[in-house]
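K.L.:
Sharing a sequence plus its predicted fold:
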Amino acid sequence: MANACAVVGVGQSARYRSKIKMSIAGLVREAAQEALKDAGCTWNDIDAVIIGKAPDFFEGVVMPEIYLAEALGCVGKPMLRVHTAGSVGGSTAIVAASYVQSGQFNRVLTVAYEKQSESNAMWALSSKQPFSPHLNAGAGGFFAPIIREYMRRSGAPADTGCKVALKDRKHALRNPRAHMHEKPEDLDLEKYVNSFMLWEPLRFSEVCPSSDGACAMVLASEDLAKKSPNPPAWIHGAAMRSEPTMYPWREEVNPQAGIDCAKDVYSQAGITNPRKEIDAAEVYVPFSWYEPMWLENLGFAEVNQGWKLTEEGATFIDGGDIPWNCSGGVLSSNPIGASGMIRFAEAALQVRGMAGEHQVDGAKTALGHAYGGGSQFFAMWIVRSTKP
Amino acid sequence: MSDEKTMVEGFEAPISLHYTFAAGHAISKFLRSMKEGKIVGQRSPATGKVIVPPRGSCPESGKPTTEEVELGDTGTVITFTVVHIPIPNNPVKPPFIVANICLDGADQTFIHLVSDCNNDDVKIGTRVKAVWKDKAEWDYSMDNIKYFKPLDEAPVDIEKLKASRLKEVGKYRHA
């Protein structure tokens, strides 16, 4: 049995934006300092730093962790880089937690970031391959066909996706850090369904922004967590799974690796009915239709029924029984490498009662989720206000 | 001297990476066949499924794939998107269809253009056939196929297609 581990500090960029006037080093340091402050400790109290980001090719800085060691106060300390594409923020947190759970370290700083304004993520993802025509027009070009197939199978109304996006952008207005703060008059279904088409059936309104930003957490052992100044978020389960991007008749809408990962993390946390037992969820939804798809993949709804929860308002913070992405989610802020860690950190803030205006009243159990690559890497954790 | 107070926010530093790709046995055979205008996949000894382009092993079992299967150039649109944004340096102008196509006799999709049609007529299940470049232009490349063009056939039910393929491939499964 692993040792207990808790999130005792969370730090994020003051505001996720399309261009933060700060170096990458400044970006990660800002988040780390805030996490240290929340945890009531200093750089000297940190045993190791576990860092993650999306592909180096995005910003063109190769092995950036080496250059960031000084900014993160870890010269002379162990540092490890994690890399699992878009899910990296989640898996970085899980790797960091495993060092505490194993007893190797007592207090670990974990950080993830992306500076999209210094990069061209969309075209960095579209490099030519020798055995395929050069057509993969960014991440949207990959996911839109999967969304089309979901729409066919489920028979969901064509505007469910816009409703998801609208809901998350409404949530974002309660989160001062969210990148997208739309004017109230623009939060209008009519405007959303008429926004311009990017990758049919995906419209501009249904797609995440390109953001700069960083997220950090301080994870601590039981003894240290009990002494921390603010309430800890205890980790009750953490799981990762992966599968190939392509294989014969691959189930892309409802990937097996996601189903298996959820099953594992729920079993660790003793959860049998996620919709009833989880109070708040931060789930990686970069394209609107991934909310209903993941509602099904994560066991909150039966297959082909997830869209009904969105339509009923079940995932909205006001009146919904299972609020999803109260922070505004990836649809409102997407510093790619950090996006997974933000989900994990926001889940922790919910059970710590520190989510501010987007706090779900009395949240005691929360899910953090991230996925990446071609829906092939999954990372999830369950955090609670009580110790395991 | 306002310059002293102005932060340098960045400068353009484009990176260009030139790769030498070692194709390995499976992709080499596939690309050599493409140069001859033939699409050749490989059958998994474990599942009986036909993989194209082949990667030399079965992704489900990890077993090496050696049996070659020559495929035709007709297939089915399993799903697709209509891209409305331009791809830099690509002569194809939006809106254009990028489809996940499953060739007849194969069990794995690949992406390619569907063109020379009314975009609104393309559906999940639309039957398509490859339109090749002039033979003189053929190279070791999937780009030898310019695009796929819809056939004058009724769309197929892709769930039935999958079910019939899974039944069919069972015959080729080795112990």
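P.N.:
Nice, I can see it. Model, not experiment: these values are computed from the prediction.
K.L.:
And the helices in chain B?
P.N.:
For chain B, the helices defined by DSSP state H cover B:24-35, B:158-169.
K.L.:
got the contact list for the last one?
P.N.:
This means helix B:158-169. Helix B:158-169 is contacted from outside by A:Trp249, B:Thr47, B:Gly48, B:Lys49, B:Val50, B:Thr76, B:Ile78, B:Cys102, B:Asp107, B:Ile124, B:Gly125, using C-beta atoms under 8 Å, 6 or more residues apart in numbering or on different chains. No exception for glycine: its C-beta is placed from N, CA and C like everyone else's.
K.L.:
and the closest residue to A:Tyr150 other than its chain neighbours, what does it touch?
P.N.:
Leaving aside its sequence neighbours, A:Tyr150 sits nearest to A:Val253 (C-beta to C-beta, 6 or more residues apart in numbering or on different chains; 4.9 Å). Neighbour list for A:Val253: A:Ile146, A:Glu149, A:Tyr150, A:Arg153, A:Met293 [criterion: C-beta under 8 Å, 6+ apart].
K.L.:
on that earlier part again, from the contacts of helix B:158-169, which two are the most distant?
P.N.:
B:Gly48 and B:Ile124 (25.0 Å; C-beta to C-beta).
K.L.:
Let me see the contact set for A:Gln262.
P.N.:
Careful, residue A:262 is Ala and not Gln. A:Ala262 makes contact with A:Ala239, A:Pro274, A:Asn297, A:Leu298, A:Gly299, A:Met380 under the criterion C-beta under 8 Å, 6+ apart.
K.L.:
you'd agree the first one is up against A:Val265?
P.N.:
Yes - with contact defined as C-beta atoms under 8 Å, A:Ala239 reaches A:Val265; the gap is 4.2 Å.
K.L.:
Those two: which is more packed in?
P.N.:
Neighbour totals were compared for A:Ala239 and A:Val265, and A:Val265 leads with 27 against 21 (other C-beta atoms under 10 Å in any protein chain shown).
K.L.:
related to what we said a few turns ago, pick the most buried one from the helices of chain B.
P.N.:
Across the helices of chain B, averaging neighbours per residue (mean count of other C-beta atoms under 10 Å in any protein chain shown) puts helix B:24-35 on top, at a mean of 17.
K.L.:
by contact count, what packs against it?
P.N.:
strand B:39-43 (3 or more C-beta pairs under 8 Å, 6 or more residues apart in numbering or on different chains; DSSP states H and E).
K.L.:
Please, where are all the strands along the stretch 1-150 of chain A?
P.N.:
Here the stretch 1-150 of chain A has its strands, by DSSP state E, counting those that start in this stretch, at A:5-12, A:48-53, A:79-82, A:107-115.
K.L.:
and the first one, which strands flank it?
P.N.:
Under the criterion DSSP bridges, strand A:5-12 sits next to strand A:212-221 (antiparallel), strand A:233-242 (antiparallel) in its sheet.
K.L.:
Between these, which one is closest to A:Phe204.
P.N.:
Across the strands paired with strand A:5-12, A:Phe204 has its closest neighbour in strand A:212-221 (20.0 Å, C-beta to C-beta).
K.L.:
which parts of whichever helix or strand comes after that closest one are buried?
P.N.:
The helix or strand immediately downstream of strand A:212-221 is helix A:222-226, counting by DSSP states H and E. By neighbour count with 16 or more other C-beta atoms under 10 Å in any protein chain shown, helix A:222-226 contains the buried residues A:Glu222, A:Leu224, A:Ala225.
K.L.:
possible to save those as TSV with pLDDT?
P.N.:
Formatted as TSV, the buried residues of helix A:222-226 follow (pLDDT from 0 to 100):
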residue	pLDDT
A:Glu222	98
A:Leu224	98
A:Ala225	98
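K.L.:
still on that earlier bit, need the residues touching each of A:Ala239 and A:Val265.
P.N.:
In contact with both A:Ala239 and A:Val265: A:Met380, A:Trp381, using C-beta under 8 Å, 6+ apart.
K.L.:
quick one: contacts for the nearest residue to B:Lys146 once chain neighbours are set aside?
P.N.:
Closest residue to B:Lys146 apart from its sequence neighbours, by C-beta to C-beta, 6+ apart: B:Val131 at 5.0 Å. If you count contacts by C-beta under 8 Å, 6+ apart, B:Val131 has them with B:Ser115, B:Asp116, B:Ile145, B:Lys146, B:Tyr147, B:Phe148, B:Lys149.
K.L.:
tell me the pLDDT at residue 70?
P.N.:
No chain specified, so I'll use chain A. pLDDT, A:Glu70: 96.
K.L.:
switch to chain B, that's the one I care about
P.N.:
So B:Glu70 comes in at 97 (pLDDT).
K.L.:
Equivalent analysis for A:Met217, please.
P.N.:
Note on A:Met217: pLDDT of 98.
K.L.:
thought it was touching A:Gln12?
P.N.:
No - if you go by C-beta under 8 Å, A:Met217 and A:Gln12 don't touch, sitting 9.7 Å apart.
K.L.:
and for these two, which residues touch both?
P.N.:
Common neighbours of A:Met217 and A:Gln12, counting by C-beta under 8 Å, 6+ apart, are A:Ala345.
K.L.:
So between these two, which is more surrounded?
P.N.:
Between A:Met217 and A:Gln12, counting by other C-beta under 10 Å, A:Met217 is the more crowded of the two (31 against 26).
K.L.:
list the contacts for that one?
P.N.:
Applying C-beta under 8 Å, 6+ apart, the residues near A:Met217 are A:7, A:9-11, A:35, A:93, A:96, A:109-110, A:341, A:344-345, A:348.
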